[in-house]
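Novice: Predicted model follows, preceded by the sequence.
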Amino acid sequence: MSEHTEEPPGDAAAAEEPQGPDVDSLPGGVPAAVEAVLLVVEEPVTDLELATALQVPVDQVREALAELKDEYDGYTGQGPDTGPTRRRGIELRNVAGGWRFYTRSEFAAVVGRFVLDGQSARLSQAALETLAVIAYRQPVARSRVSAIRGVNVDSVVRTLVQRGLISDVATDPETGAVLYGTTPLFLERLGIGTVADLPKLSPHLPGLENLQDFDDTTY
């Protein structure tokens, strides 16, 4: 009869799932840990995802996010020991349902020169116009976009889908045509939370007295 020795319960699990350091014991605590994670993410992350990764309560993460946002906005609160701080070139935003660092809009020209100089990956004028129509008219069929722009947009729509800026979101119940809408990546790239935050078209449209000169396909 062979002898069988059982390992103490919990030892194997502990070996397979090593625990990281207590975040609160690290320099800067939870805010610093949240900041470190946000600096390496490629898309917005939710407070719940951050809490899970750091193994801390969601309330602590939310407090840390609020503290970091105030810090990057140059807000130090009130009191005799507080004073103005230097405004940062980046800001912490809640975009498309998650948190991420972004450069401030006033530095767009500077960042654009550095990032886009010599690059050919920018969207063409046709792609930008098509994307604008879809953003404001979504969900919208490709044929409708073609009618509004007055040109065939099949290849442009494929490009926008490949870039992850639009996707098929529904099907027209009458015609069966695919209806397109913008994606969370589109919101992320624009730095807005929802399509409701898109700039209003009203200031750029003709006055009411001139509306009779425009039909439904002129935009």
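Specialist: Now that the structure is in, tell me what you want to look at. For clarity, every value in this text was computed on a predicted model and none was experimentally measured.

Novice: quick one, what contacts Trp50?
Specialist: Slight slip there: residue 50 is Leu, not Trp. Val34, Val37, Leu38, Val61, Leu65, Trp99 (Cβ atoms under 8 Å, 6 or more residues apart in numbering). No exception for glycine: its C-beta is placed from N, CA and C like everyone else's.

Novice: contacting residues for the last one?
Specialist: Which is Trp99. Trp99 neighbours (Cβ under 8 Å, 6+ apart): Leu38, Pro44, Val45, Thr46, Asp47, Leu50, Leu65, Leu92, Arg93.

Novice: ok, now which ones touch the first one?
Specialist: In this case it means Leu38. Leu38 is in contact with Val45, Leu50, Leu68, Leu92, Trp99, Arg100, Phe101, counting by Cβ under 8 Å, 6+ apart.

Novice: Tell me, how many residues neighbour Val195?
Specialist: Neighbours of Val195 under the rule other Cβ atoms under 10 Å: 14.

Novice: Which pLDDT value goes with it?
Specialist: Model confidence at Val195, given as pLDDT, is 89.

Novice: Surely it and Thr182 touch.
Specialist: Yes - using Cβ atoms under 8 Å, Val195 is in contact with Thr182, at 6.3 Å.

Novice: The spatially most central residue of the chain: helix or strand, and which one exactly?
Specialist: For the chain, Glu188 is the residue whose C-alpha lies nearest the centre (Cα atoms, centre = their mean; 2.6 Å). Of the helices and strands defined by DSSP states H and E, Glu188 is found in helix 184-190.

Novice: Please, where are all the helices along this protein?
Specialist: For the chain, helices defined by DSSP state H occupy the ranges 11-16, 29-38, 47-54, 58-72, 108-116, 125-137, 142-149, 154-162, 184-190.

Novice: Need these in CSV (columns: distance to Arg86 and mean pLDDT).
Specialist: As requested, those are arranged in CSV below (distance: least, Cβ to Cβ, whole Å; pLDDT from 0 to 100):
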stretch, distance to Arg86, mean pLDDT
helix 11-16, 45, 42
helix 29-38, 17, 93
helix 47-54, 26, 94
helix 58-72, 10, 94
helix 108-116, 17, 74
helix 125-137, 35, 92
helix 142-149, 46, 91
helix 154-162, 39, 89
helix 184-190, 27, 88
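
Novice: Out of those, flag the one nearest Val178.
Specialist: Counting by Cβ to Cβ, Val178 lies closest to helix 142-149 out of these; the figure is 6.9 Å.

Novice: Next, the buried residues of that closest one.
Specialist: Across helix 142-149, burial judged by 16 or more other Cβ atoms under 10 Å covers Arg142, Arg144, Val145, Ser146, Ile148, Arg149.

Novice: which of those lies closest to Thr171?
Specialist: Nearest to Thr171 among the buried residues of helix 142-149 is Arg142, at 12.3 Å by Cβ to Cβ.

Novice: how about the nearest residue to that closest one, chain neighbours excluded?
Specialist: Excluding the flanking residues, the one nearest Arg142 by Cβ to Cβ, 6 or more residues apart in numbering is Val157, at 5.4 Å.

Novice: How many residues are close by the one you found?
Specialist: The number of residues packed near Val157 is 21, by other Cβ under 10 Å.

Novice: Could you verify my assumption that it touches Ala127?
Specialist: No - if you go by Cβ under 8 Å, Val157 and Ala127 don't touch, sitting 9.1 Å apart.
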